[in-house]
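> Next come a sequence and a model predicted from it.
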Amino acid sequence: MSTEGIIHRRISTNGIWMHVAELGKGPLVLLIHGFPELWSSWNYQITHLAKHGYRVVAPDMRGYGDSDSPPDPASYTILHLVGDLIGLLDQLGEEKAFVVGHDWGAEVAWHLCLLRPDRVKALVNLGVPFRPRSPELKPLKFMNQVFGDSLYIIQFQEPGRAEKSFSRYDCLTILKKFLLVNAPDLLAAPPGVEIIDFLDTPSELPPWITEEELQFSASKFQQSGFTGGLNYYRAMDMNWELLGAWQGVKITTPTKYIVGDKDLGFEAFGTREYIKGEASKGLVPNMEVVVIDGHHYIQIEKAERVTSEILSFFGEC
């Protein structure tokens with residue numbers, strides 16, 4: 001895992017200390033990771049975007065790695081997460097940034113563009129599409145009705161439940177179960193089974209990730225635990241309550257959306273039909289959609305292809 005030249009520091013923003021990894025000079029690119037990841041999931045993009053003339057900053061998001069991890073789920077609303085990034089841009093002395101998000105980082109990036117479009121030049125989002133807020137139904141009630149209470153998101157809601165089940169495994173095994181997920185097309189356990197017990201532990205690593213990379217992340221989660229990352233899910237209904245004023249607002253930021261054709265979420269939540277349909281285009285009118293051969297963690301698995309897509313898009317904006 002090459003980290004040569006990367007500068008690490010902690011920056012005060014929005015009431016927390018946020019750890020960032022930084023490399024390069026030029027227009028700012030902000031890389032926002034998801035669950036359960038760290039800044040290092042962008043290692044390939046950091047080095048290669050910097051080589052192409054960008055100032056690249058990849059934070060450990062609130063609750064992760066060497067950034068602060070408030071214990072209360074109420075401190076993880078989308079307003080907190082977007083506020084962290086606005087404060088980060090201010091501290092970096094940057095008015096605007098190119099933004100790349102993955103998984104929960106994509107969700108944060110969508111809302112950064114929704115709430116503060118004046119701070120984003122262009123967006124590349126991976127895996128998670130922008131979905132409209134239901135005017136009537138909170139997300140957890142909807143998911144429970146449609147997918148049942150064995151869905152991983154529902155299991156994550158009760159404080160301490162997932163942490164207790166995770167404690168039966170070492171952090172390296174937990175990361176292997178999630179990052180190298182081998183499950184049906186919906187991440188839901190059978191009734192009475194915890195999702196972490198349901199997921200298989202792969203017997204060998206694929207060629208796109210190394211034991212060293214996983215060990216690095218595992219050592220950080222050993223220190224921080226997983227509660228910070230789980231709190232993102234526990235704030236989902238709070239987000240619904242807070243975002244009512246933006247009901248129906250379009251995201252006008254120039255956007256490229258990239259998804260792996262073998263990503264579980266591509267089929268499980270109707271993503272394939274949604275991103276190709278009129279509803280998605282109506283909400284994000286300036287969006288280009290790219291489907292590539294790959295799974296969920298495509299910025300690692302297909303690092304060269306994803307980086308090429310990022311560079312070509314930002315070069316046009």
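Yep, it's here.

> from here on, contacts and neighbour counts on C-alpha atoms
Noted.

> Show the contacting residues for residue 195.
150, 151, 152, 155, 187, 188, 189 (C-alpha atoms under 8 Å, 6 or more residues apart in numbering).

> Same list (those) but as TSV, adding neighbour count and pLDDT.
As requested, the contacts of residue 195 are exported to TSV (neighbours: other C-alpha atoms under 10 Å; pLDDT from 0 to 100):
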residue	neighbour count	pLDDT
150	19	92
151	20	93
152	19	95
155	19	97
187	19	87
188	22	90
189	21	92
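
> Relative to residue 95, which of those residues is nearest.
The closest of the contacts of residue 195 to residue 95 turns out to be residue 152 (C-alpha to C-alpha; 37.6 Å).

> isn't that closest one right up against residue 187?
Yes. Using C-alpha atoms under 8 Å, residue 152 is in contact with residue 187, at 6.1 Å.

> quick revisit: among the contacts of residue 195, which lie within helices?
152, 155 (DSSP state H).

> Looking at the contacts of residue 195, which two lie furthest apart in space?
Applying C-alpha to C-alpha across those, the maximum distance is between 155 and 187, 10.8 Å.

> can you pull out the strands in the protein?
7-13, 16-23, 28-32, 55-59, 97-102, 120-126, 255-260, 287-292 (DSSP state E).

> who wins for proximity to residue 71 among the ones you listed?
strand 16-23 (12.3 Å).

> which non-adjacent residue is nearest residue 81?
residue 108 (6.7 Å; C-alpha to C-alpha, 6 or more residues apart in numbering).

> What distance do you get for that neighbour to residue 236?
12 Å (C-alpha to C-alpha, to the nearest Å).

> More neighbours: which of these two?
Each of residue 108 and residue 236 has its neighbours counted (other C-alpha atoms under 10 Å); residue 108 has more, 24 against 21.

> what ranges of the protein fall below the confidence cut-off?
1-3, 182-185 (pLDDT under 70).

> how does it look with 90?
1-4, 146-148, 179-187, 203, 264-271, 276-277, 317 (pLDDT under 90).

> so how many other residues sit close to residue 290?
14.

> actually residue 289, not the one I wrote
By other C-alpha under 10 Å, 15 other residues sit near residue 289.

> got it, and residue 114?
Quick note: residue 114 (other C-alpha under 10 Å) scores 18 neighbours.

> Name all residues that make contact with it.
249, 250, 251.

> rewinding a little: distance to residue 56 for the contacts of residue 195 - can I get that in CSV?
Putting the contacts of residue 195 into CSV (distance: C-alpha to C-alpha, whole Å) gives the following:
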residue, distance to residue 56
150, 39
151, 35
152, 33
155, 35
187, 33
188, 36
189, 38
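
> List just the nearest of the contacts of residue 195 to residue 36.
Using C-alpha to C-alpha, those come closest to residue 36 at residue 152, 13.3 Å.

> which residues sit in contact with the closest one?
187, 188, 189, 195.

> Now for the first one: which residues touch it?
By that I understand residue 187. Neighbours of residue 187 in contact, by C-alpha under 8 Å, 6+ apart: 151, 152, 195, 264.

> now the helices for the stretch 151-300 of the chain?
152-155, 161-166, 171-179, 195-198, 211-224, 227-234, 236-242, 264-268, 271-276, 278-283, 298-301 (DSSP state H, counting those that start in this stretch).

> Using a markdown table, lay out those together with distance to residue 55.
As requested, the helices of the stretch 151-300 of the chain are arranged in a markdown table below (distance: least, C-alpha to C-alpha, whole Å):
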| stretch | distance to residue 55 |
| --- | --- |
| helix 152-155 | 35 |
| helix 161-166 | 36 |
| helix 171-179 | 27 |
| helix 195-198 | 37 |
| helix 211-224 | 23 |
| helix 227-234 | 26 |
| helix 236-242 | 31 |
| helix 264-268 | 31 |
| helix 271-276 | 31 |
| helix 278-283 | 30 |
| helix 298-301 | 18 |
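
> who wins for proximity to residue 43 among those helices?
Set against residue 43 and scored by C-alpha to C-alpha, those come closest in helix 298-301, at 8.4 Å.

> Tell me which two of the contacts of residue 187 sit farthest apart.
195 and 264 (14.7 Å).

> Distance of residue 291 relative to residue 206?
For residue 291, the distance to residue 206 - C-alpha to C-alpha - is 21 Å.

> how close does the closest residue to residue 132 other than its chain neighbours sit to residue 275?
Of all residues not flanking residue 132 in the chain, residue 248 sits nearest, at 7.1 Å (C-alpha to C-alpha, 6+ apart). Separation of residue 248 from residue 275 (C-alpha to C-alpha) stands at 17 Å.
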